[in-house]
Structure formats: C-alpha cells, structure tokens
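Undergrad: The sequence isn't on hand, but the structure is:
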C-alpha cells in the first residue's frame, strides 16, 4: 500500500499509473506536478490526481513513492529539483524509454537516495498525450521492465515490482545495457527508419500523389512515424550509443541487399527475405494479417 | 462483355479477377492455366475458372482477354509461350508490381500483338496465395494503375479500364517510369527496409528475448516482412533501378539522422521527425491509431 504517490508529469504514462492504483485501492493519495499549470488543473479536475503541487519540491516532500514520467530530456532537471526534498525512505522510479542516461542523471542528482531509485520502463502507450489521455487499464497485459543496479535497494525494487503488478502488467528485470539494446532494436531503430522514409517522401514534389497509391502495407509500416517528435528526439539522444551501434549493423545488412539487387543475386535476396518472413511468422503470429503480401 | 477470359496464374490475383467478373455476369467463360496441375484442378473445383487448360497455348487460343497474373520473374516466359497462339484481336493485360520490366518482356515476345498489351497493376492483395485465397470482392475500392505506352491501342486500354471498373476498383493511368518510382517509394522500399530489420534481428542469439519486448509499433512496422520471399525477389529485381535510386536517397537521409544523433543535434532530429509526423497525420488520417507513441 502506498500512502502518498507523487507523480511528476501527469500525462498519459504518469496519469494512467495514478488512475490504475487508485482503481485498485492501492494508494491513499496522489499528488501531481506538471510544468504546465493547465495540465495540473486538468489532471485534478479529471480525478487523475487528488492534489496538484505547485512545485516538484512540494510534490515529493511527503511522498513515499515518486514516479517520474516526464520526457527523457527533462529528467535530469527533475531529479535535481527533487533531491533536497525527498524523504530518506521514499522510493523513486521512472518511465523513461532508455535507461543508461536516466540512471546517470539520477546517480548524479540523488546522492544517497540513489539506492532508493528503481529505473523502470512501462512498455505501453498510445498516440495521445496529456492528462485526458490517461486511463486506468493502460498497463494491463503490458510489460514493464525494471533495471535495478547493483547498489539499488532490493526492498525498493520489490516494492516497485509489486506496484506495477497491481496495474495488471507483467514485470521483468534486465540490466540497463541489455534493456537499451533490446529497445533500440525493436522500437528506437524502427522509429528512426520510419521517420526517415516518411520524411523523405514528404519532401517530394509529388508527395500527395505518391501517398495516394500507398496501401495497407505502407500504412502499417509508417504508423510509428506519427509519433511525437520531441519525445523521439529525447529517446534518440538518450539511447544514442545503442541506436548508433544497431544503425551500423542495419547499414551492413542493407548494403548487402543493395549489392544483391545490383548484381541480380536473387538467391541472396530470397535467403534474407525468407529468414525475415520465418521470424516474423513464427514469433508474431498475427491473425489480423491482411493486405500485406504486396501492397 | 468478355466472351472468353484466359487467366494465366490462377492464384489470389488472377482468381479474384475471374470470380469478380463472373459475379458481375461480365464474362461468358473463364479458362485458366497454372504451371501447377494441383492449382488448376483446385481452381476448377472451386469454380474460380470454368475450364482448365493444359498449356498456355490452349488457354489463350480462343480468348478475347488474357490476364497474366504470375510472379514477375515468370512473365517473360509466359509471354513467349503465348505469342504464337493469340488471336490478333485479343487484348492482353497483367498484374505485375513493376511495369518497365514487364513491358520490355512483352514488347520482345508479343511482336505485332504488343499494341494490344495494356500493362496493369492492381494494388491489392492479402498475405494468402493460391486459388483458395481468391475472392470476388478483392478489388472493391482498391486502385488499379494502367500504364499504356504511346503505341498501345487506345480501345484496348479502354476495354481493360472498363473491366477493372466492373470489379469495383478505381482505375488510374500513369506512365511506366512514374508508376515504378511511386511503387518503389511506398511499397518496394518499405518491404526491403522491414525485411532487413527483421532478418537482422532473426540472426541475433537473443532474438526470442528481443522480440518478446517488441510491442504494437514493431508489430505494425514489421508486418510486411511476412510477405512471400520469391515474389519480393522478383519485385526487387524487376524494379531494380527505381529501388536502387530510392535506396540512395534513403541512405542520405539516414546518414544525416545518424550524424545528428552523434553530434546531439536535437533540432535537426525534431525537424525531420516533425515533418514525417505531419505528413503521416495529414495524409493518412487513421482512426485506429493506437499503441504507437512509443512502443
């Protein structure tokens, strides 16, 4: 049971945790802070939070659990602002999409309280944002990854794990570097690739015409290019090395395909395409698969 | 009205045209040929075709419209096999995903009958294949592109256009090169990118684990990597130059993003990502957009 939960950043991610824990009767009071006065008032009016704080200091002062759910680029400043005001027994966690950068910022800012910091990443979201986008069931059947360090207090990790389990999420532990590589591979790199393709097409004079002939396959492929630009800038800079490493590997693969097309090496193309198809089919059985064979 | 329609390749694409025209009462008889005896018999048993031909020569001999719906790599041989047996007034069309290569093959093989050849591309499909995958409404509300040449008979083009309109498709005309560039941009290149990413992840030792943490965004992005390898080899080789040109442009874009991540040039990243988001949001309004902001 959490007595007072402080949520820094009362948008989709922070707000949904608050609503979920409230719906389970697992928290006595939620105090929220957002840089935007409007968002604070909206979260209060919608019952996402019980109390709006005017500052980070006020939000964390009496909290026993603090959830930092701001864009990754803003996390270092948030940790710095809270560090003098946290109760020594308070447990801090976050929702950042890449962990190494957040861990470094927390370690620098939190001092002795760093051992009470449990880095986390709920792998959930929708395209919407802000307090009105939050809903209590966002995390149900989603995965949450925790990346505790060797000096993280094990009781703190256990408490955060139990908190996420209450939301209906499946909780996994992973080390920081592994998390950042896994997410770079399945989320960050695909976003970069889709942003680049759609951005490139958007600059063509005949963009409207080109997109008129795009069908279901392109719509699915490009959906992630509709994601928030600031959030993804933060993720790209926050998970810089893992993304750059995978981009290197990606280039090597694409260069080989390019070479095979140039040399009309059909066997190589079939080898790569069939390997991909097999992995996609066996690991992502998808009964709703339509309109994808050619278009 | 078509008296006898010959369908070469009685799979999803050819079979669905046959079923659609039959359902509209727009064809007296459909004769089908497939390299596979099994497919021929299956198409006959399912009523996709009225008569199974034992050879291409037999299939086309008395046809007034011939639809070639075989993988692109097989088209040259099909044209060569039919050329001596076509009635002079027969109209020929095809369903290939890239047009320059098909046009070249048809021009070489068909001789005087080439003016009766109307290159076409129905932009429709599902992940399934074979006669049993065919259905009468596949083309409803889909786009069909025709790419007639300067020496194509205009009456032939008009007849093929009318035929496709009967299926419920919207028919457009485009020149060959433009078609091939547009499709390379919105279909062929995205397939190559998705095949490469999924193929690359499939080779990792921790592939299963990596994919366990992949969420909706990756599922959508990678769906096209589940497409048929042989068909896509044919398309890559059949639309070689347009794909290579766009890959060049794609590399330039990705290299700039890579540089920006290295130099932590957040402004540049926001510029590219926001441009892509705007294009995706305004040109592909998608009410079902979920789970794409981060995951």
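TA: Noted; the coordinates are in hand. Keep in mind the model is a prediction, meaning the values are calculated, not measured. Numbers count the residues shown, from 1 in each chain, chains lettered A, B, ... in the order given.
Undergrad: Chain neighbours aside, what residue packs nearest to the most centrally placed residue in chain A?
TA: With distances taken as Cα atoms, centre = their mean, residue A:97 lies nearest the centre of chain A, 3.6 Å away. Leaving aside its chain neighbours, residue A:97 sits nearest to residue A:235 (5.0 Å; criterion: Cβ to Cβ, 6 or more residues apart in numbering or on different chains). Every residue, glycine included, has its C-beta placed from N, CA and C.
Undergrad: what's the neighbour count on that neighbour?
TA: As a burial measure, residue A:235 scores 28 neighbours (other Cβ atoms under 10 Å in any protein chain shown).
Undergrad: give me phi/psi at residue A:265?
TA: Dihedral pair for residue A:265: phi -90, psi 80, per degrees, to the nearest 10.
Undergrad: State the distance from it to residue B:237.
TA: To residue B:237, residue A:265 is 9 Å away according to Cβ to Cβ, to the nearest Å.
Undergrad: Comparing the two, which shows the higher neighbour count?
TA: Each of residue A:265 and residue B:237 has its neighbours counted (other Cβ under 10 Å); residue B:237 has more, 19 against 16.
Undergrad: which residues in the stretch 1-150 of chain A form helices?
TA: A:12-23, A:37-45, A:56-61, A:75-82, A:99-110 (DSSP state H, counting those that start in this stretch).
Undergrad: Now tabulate those in TSV and tack on mean neighbour count, distance to residue A:210 and mean pLDDT.
TA: Below are those laid out as TSV (neighbours: other Cβ atoms under 10 Å in any protein chain shown; distance: least, Cβ to Cβ, whole Å; pLDDT from 0 to 100):
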stretch	mean neighbour count	distance to residue A:210	mean pLDDT
helix A:12-23	25	32	97
helix A:37-45	17	38	96
helix A:56-61	21	47	98
helix A:75-82	20	39	97
helix A:99-110	20	37	97
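Undergrad: of those, which approaches chain B most closely?
TA: Across the helices of the stretch 1-150 of chain A, the minimum distance to chain B, taken as Cβ to the nearest Cβ, is reached by helix A:12-23, at 7.5 Å.
Undergrad: Can you give me every residue that contacts residue A:30?
TA: Residue A:30 makes contact with A:4, A:5, A:6, A:7, A:18, A:21, A:22, A:48, A:49, A:50, A:51, according to Cβ atoms under 8 Å, 6 or more residues apart in numbering or on different chains.
Undergrad: among these, which are in strands?
TA: Members of those lying in strands (criterion: DSSP state E): A:4, A:5, A:6, A:7, A:51.
Undergrad: Same list (the residues you listed) but as a markdown table, adding pLDDT and distance to residue B:188.
TA: Listed next are the ones in strands among the contacts of residue A:30 as a markdown table, based on pLDDT from 0 to 100; distance: Cβ to Cβ, whole Å:
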| residue | pLDDT | distance to residue B:188 |
| --- | --- | --- |
| A:4 | 98 | 56 |
| A:5 | 98 | 50 |
| A:6 | 98 | 51 |
| A:7 | 98 | 46 |
| A:51 | 98 | 55 |
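Undergrad: from these, which is closest to chain B?
TA: Looking across those and measuring by Cβ to the nearest Cβ, the closest to chain B is residue A:7, at 17.6 Å.
Undergrad: hey, what's the closest one bridged with?
TA: Counting by DSSP bridges, residue A:7 is bridged to residue A:32, residue A:67.
Undergrad: residue contacts, the residue nearest to residue A:63 when sequence neighbours are not counted?
TA: Spatially, and ignoring its direct neighbours in sequence, residue A:63 is nearest to residue A:6 (3.6 Å; Cβ to Cβ, 6+ apart). Counting by Cβ under 8 Å, 6+ apart, residue A:6 touches A:30, A:31, A:32, A:33, A:53, A:59, A:60, A:63, A:65, A:66, A:67.
Undergrad: 7 Å - rerun?
TA: Contact partners of residue A:6, counting by Cβ atoms under 7 Å, 6 or more residues apart in numbering or on different chains, are A:31, A:59, A:60, A:63, A:66.
Undergrad: Widest-spaced pair of these?
TA: The span of the contacts of residue A:6, defined through Cβ to Cβ, is set by A:31 and A:66 at 9.7 Å.
Undergrad: neighbour-wise, which of those two wins?
TA: In this view residue A:31 and residue A:66 are compared by other Cβ under 10 Å, and residue A:66 has more residues nearby, 27 against 23.
Undergrad: wait, isn't the more buried one in contact with residue A:60?
TA: Yes. If you go by Cβ atoms under 7 Å, residue A:66 and residue A:60 touch, sitting 5.3 Å apart.
Undergrad: shared neighbours, the two?
TA: Listed as contacting both residue A:66 and residue A:60 by Cβ under 7 Å, 6+ apart are A:6, A:82, A:86, A:90.
Undergrad: Dump these into a markdown table; add distance to residue B:280 as well.
TA: A markdown table is the format used below for the shared contacts of residue A:66 and residue A:60 (distance: Cβ to Cβ, whole Å):
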| residue | distance to residue B:280 |
| --- | --- |
| A:6 | 35 |
| A:82 | 36 |
| A:86 | 41 |
| A:90 | 41 |
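Undergrad: what's the closest of those residues to residue A:281?
TA: residue A:6 (45.0 Å).
Undergrad: residue ranges with poor pLDDT in the stretch 101-250 of chain A?
TA: A:127 (pLDDT under 70).
Undergrad: residue contacts, the closest residue to residue A:69 other than its chain neighbours?
TA: Spatially, and ignoring its direct neighbours in sequence, residue A:69 is nearest to residue A:14 (3.3 Å; Cβ to Cβ, 6+ apart). When contacts are counted by Cβ under 7 Å, 6+ apart, residue A:14 is found next to A:7, A:67, A:69.
Undergrad: Now do the strands in the stretch 151-295 of chain A.
TA: Using DSSP state E, counting those that start in this stretch, the strands assigned to the stretch 151-295 of chain A run over residues A:170-173.
Undergrad: what's around residue A:173, how many residues?
TA: 13.
Undergrad: Run through the residues that contact the residue nearest to residue A:110 when sequence neighbours are not counted.
TA: What sits nearest to residue A:110 in space, not counting adjacent residues and going by Cβ to Cβ, 6+ apart, is residue A:83, at 5.4 Å. Counting by Cβ under 7 Å, 6+ apart, residue A:83 touches A:109, A:110, A:111, A:113.
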